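*Asks:* What follows is a predicted protein model with its sequence.
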Amino acid sequence: MKNKIHDILNENKYFLKFIYGLIILNVLSIILESYKELKNDYNHEFYYFELFSIVIFSIEYLLRLWSSDFDYKKGNYLTKKLKFITSKFGLIDLLSILPFYLPLIFPFDLRVIRVLRLFRLLRIFKLGRFSKSMKTIASVLKETRDDLVITLFVAIVLLVLSSTLMYYIESDAQPEKFESIGQAMWWSVATLTTVGYGDVYPITGIGKFLSAVIALIGIGFVALPTGIISSAFISKIQIEKKEKNCECPKCGTKY
């Protein structure tokens with residue numbers, strides 16, 4: 001019985017499509033609920049849909065916890081349950097339903113409840129359990145982790161360096177906008193990411209020259225992580241296509 005439940009949860013296409021669709025409808029519901037006129041007119045409908053979703057997701061979570069013995073080869077009954085609870089998808093499943101139950105148990109302030117409700121958006125990450133594309137993206141990010149960490153380190157160095165330089169150059173001319181290095185970081189982030197809000201900008205000649213140089217560096221720098229991820233993603237897709245072409249179309253056996 002437990003084995004059959006486990007197979008339905010992970011392999012039954014009808015069940016997977018149902019959960020997939022329910023997750024998407026939940027995200028749409030959260031978006032539509034943010035419109036005050038819709039929330040006022042269809043408040044009961046939103047509530048009952050949320051209640052229905054919570055029941056389904058709660059049952060799914062409990063069944064996955066119950067049948068998690070088949071997900072792990074090593075460990076006893078208790079350790080396998082703990083592995084599932086602390087796993088990536090186990091935590092996402094739990095956090096996606098907790099905001100509904102916590103206010104029923106603990107007397108939260110209304111502002112805290114609003115924050116907890118944001119965790120409902122975590123349901124969209126449940127799609128990663130069923131979506132091959134999201135699994136591929138996760139795999140690519142894992143493979144390029146070291147390269148991305150180096151890029152992040154360089155970004156932090158550039159951010160601190162440009163903020164410090166701009167502070168010493170512009171602080172006398174604009175003490176209210178470049179009051180400290182920390183305050184100058186807002187300008188550095190906007191410039192390095194090539195967003196350029198325009199609320200803070202240099203007015204001295206040296207400051208303008210430095211700003212132009214940093215903006216040009218930012219254009220090339222922003223392309224670095226994009227190039228790393230896109231290159232790894234293309235390579236991953238090519239590998240998967242080759243593996244797929246090497247499978248028997250009838251039985252799926254690789255040769």
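*Replies:* Good, I have the coordinates.
*Asks:* So what's the residue count around Ile206?
*Replies:* The burial metric for Ile206, expressed as a neighbour count using other CB atoms under 10 Å, is 13. (Each C-beta comes from the backbone N, C-alpha and C, glycine too.)
*Asks:* counting contacts, what elements does the helix or strand containing it pack onto?
*Replies:* Using DSSP states H and E, Ile206 maps to helix 205-245. With contacts defined as 3 or more CB pairs under 8 Å, 6 or more residues apart in numbering; DSSP states H and E, the packing partners of helix 205-245 are helix 132-143, helix 145-170, helix 181-192.
*Asks:* Reformat those helices as a markdown table; add mean neighbour count, distance to Leu104 and mean pLDDT.
*Replies:* Rendered in a markdown table, the data for the helices and strands packed on helix 205-245 read as follows (neighbours: other CB atoms under 10 Å; distance: least, CB to CB, whole Å; pLDDT from 0 to 100):
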| stretch | mean neighbour count | distance to Leu104 | mean pLDDT |
| --- | --- | --- | --- |
| helix 132-143 | 13 | 31 | 76 |
| helix 145-170 | 16 | 39 | 86 |
| helix 181-192 | 19 | 41 | 84 |
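*Asks:* what about the ones you listed, which gets the closest to Val27?
*Replies:* Of all the helices and strands packed on helix 205-245, helix 132-143 sits nearest to Val27, with 14.2 Å by CB to CB.
*Asks:* domain ranges for this structure?
*Replies:* According to the domain assignment given by automatic domain parsing, the chain is divided into the following structural domains: 2-128, 145-245.
*Asks:* Thr136: which of these is closest?
*Replies:* With CB to CB as the measure, domain 145-245 is the member of those nearest Thr136 (5.8 Å).
*Asks:* State the helix or strand in which the closest residue to Phe70 other than its chain neighbours lies.
*Replies:* The shortest distance from Phe70 to any non-neighbouring residue, by CB to CB, 6 or more residues apart in numbering, is to His6 (4.7 Å). His6 is part of helix 2-11 when elements are defined by DSSP H and E.
*Asks:* go on, Phe57?
*Replies:* In the assignment (DSSP H and E), Phe57 maps to helix 43-66.
*Asks:* Mind exporting the C-alpha coordinates of that helix to CSV?
*Replies:* Coordinates of the C-alpha atoms in helix 43-66 are reproduced here as CSV (Å, rounded to 0.1, in the frame of the first residue of the first chain):
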residue,chain,number,x,y,z
ASN,A,43,-13.4,37.2,-0.2
HIS,A,44,-15.4,34.0,0.6
GLU,A,45,-14.4,32.4,-2.7
PHE,A,46,-10.7,33.1,-2.0
TYR,A,47,-11.0,31.7,1.5
TYR,A,48,-12.6,28.5,0.4
PHE,A,49,-10.2,28.0,-2.4
GLU,A,50,-7.3,28.5,0.1
LEU,A,51,-9.0,26.1,2.5
PHE,A,52,-9.4,23.5,-0.3
SER,A,53,-5.7,23.9,-1.4
ILE,A,54,-4.5,23.6,2.2
VAL,A,55,-6.4,20.3,2.7
ILE,A,56,-4.9,18.9,-0.5
PHE,A,57,-1.3,20.1,0.1
SER,A,58,-1.5,18.9,3.8
ILE,A,59,-2.7,15.4,2.7
GLU,A,60,0.1,15.4,0.1
TYR,A,61,2.7,16.4,2.6
LEU,A,62,1.6,13.7,5.1
LEU,A,63,1.5,11.0,2.5
ARG,A,64,4.9,12.0,1.3
LEU,A,65,6.2,11.9,4.8
TRP,A,66,4.5,8.5,5.4
